[in-house]
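# Here is my input, please return the structure:
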Amino acid sequence: MESLEGKVVVVTGGGRGLGEATVRMLANHGALVIAADIRYDLVEGLANKLQKEGCQIFPVELNVTDQDQVADTVDQLVRQFGRIDILVNNAGTDKTLSIEELSIKDWDQVISVNLRGPFLLSKTVFPIMREQGGGQIVNITSTAAKRAWANASAYHASKWGLLGFSHALHVEGVPHHIKVTAIIAGGMRTPFLLDRFPDVDESKLQDPKNVAETIRFVLTMPQETVIPEMMVIPMLETSWP
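Numbering: from 1, shown residues only. Sure thing, here's the model as predicted:
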């Protein structure tokens, strides 16, 4: 297995939920982690805690839908740290509304965060990884990319799109030693789900640490091996199959 020691990692949506769990997991395994989030207060607080534990973590405010901010942030990180080895596209949002209630603004926001954001970040880091001889991109998708349920049309469209984008990027990345993986995550005990569905049965959800561990596993595969797609779901998952 490959080591994460000293690897420069960017995690979007790194302030809470799966993003926070992933930042903690990778930092605890020796990576230098840039925790990026639109809410700087969250990643700043996380960074302060982990730095006291001896981890290398740096908070960054980032709106993944802002093309100029993405470009400026990546440029700043490369100048500061010299490279970007790993990108985890985790930032996500949803609007739980029927198609009749869903506004065009709502649709655009979900697609922008969940699909445009990973595209912008991947497009920006791809040439950097190519020039440095390789890298890894992990896109966090969902069981919503494999089946559908009511009142989530924008979310489904974004996650199905992200899964397709991941596989297309995998094909483009192979000649340049850039590994691309789609992590299809099932329900987790995170604010993303619990804030919107407070009555959900938490016993049917998984700890986000388990998904973060799966991400770490994917990132430490031998150089000659890539996992283009992996699903990780709770034992009692209700959204799959």
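
# Model confidence at the residue nearest in space to the middle of the chain, what's the number?
Central residue of the chain (CA atoms, centre = their mean): Asn90, 1.9 Å from the mean position. On the pLDDT scale, Asn90 is placed at 98.

# does it really touch Arg16, like I thought?
No: under the criterion of CB atoms under 8 Å, Asn90 is not in contact with Arg16, lying 10.6 Å apart. C-beta coordinates here come from the backbone N, C-alpha and C atoms, glycine included.

# in a strand, that's where Met25 is, yeah?
No: Met25: not assigned to a strand; according to DSSP: H, G, I helix; E, B strand; the rest coil it is helix.

# May I have the secondary structure class of the nearest residue to Gly13 once chain neighbours are set aside?
The spatially closest residue to Gly13, leaving aside those adjacent along the chain, is Ala91, at 3.3 Å (CB to CB, 6 or more residues apart in numbering). Using three-state DSSP as the criterion, the local structure at Ala91 reads coil.

# what's the burial count for Ala91?
Ala91 is flanked by 24 other residues according to other CB atoms under 10 Å.

# what's the spacing between the residue in the chain sticking out farthest from the centre and Asn151?
Distance from the C-alpha centroid of the chain peaks at Glu100, with 29.5 Å (CA atoms, centre = their mean). According to CB to CB, to the nearest Å, Glu100 stands 10 Å off from Asn151.

# what's the lowest-mean-pLDDT helix or strand in the chain in contact with?
Least confident helix or strand of the chain, by mean pLDDT, DSSP states H and E, is helix 191-194 with a mean of 86. Residues outside helix 191-194 that contact it (CB atoms under 8 Å, 6 or more residues apart in numbering): 16-18, 92, 94, 187, 200, 202, 205.

# Narrow those to those in helices?
17-18 (DSSP state H).

# Would you indicate which residues of stretch 192-206 are buried?
192-194, 205-206 (16 or more other CB atoms under 10 Å).

# and the end-to-end length of it?
End-to-end distance for stretch 192-206, by CA to CA, to the nearest Å: 13 Å.

# Ok, stretch 106-115 next?
By CA to CA, one end of stretch 106-115 lies 14 Å from the other end.

# And the contacts of that stretch?
For stretch 106-115, contacts defined as CB under 8 Å, 6+ apart pick out 64-65, 91-95, 97, 153-155, 157-159, 161-162, 165.

# pLDDT of it, averaged?
For stretch 106-115, the per-residue pLDDT averages 98.

# same deal with stretch 56-71?
98.

# shouldn't Leu4 be in contact with Leu32?
No: using CB under 8 Å, Leu4 is not in contact with Leu32; the gap is 9.4 Å.

# Between those two, which is the more surrounded one?
Leu4 (21 against 18).

# quick revisit: so who does the residue nearest to the centre of the chain touch?
Contacts of Asn90 by CB under 8 Å, 6+ apart are 11-14, 18-19, 22, 140.
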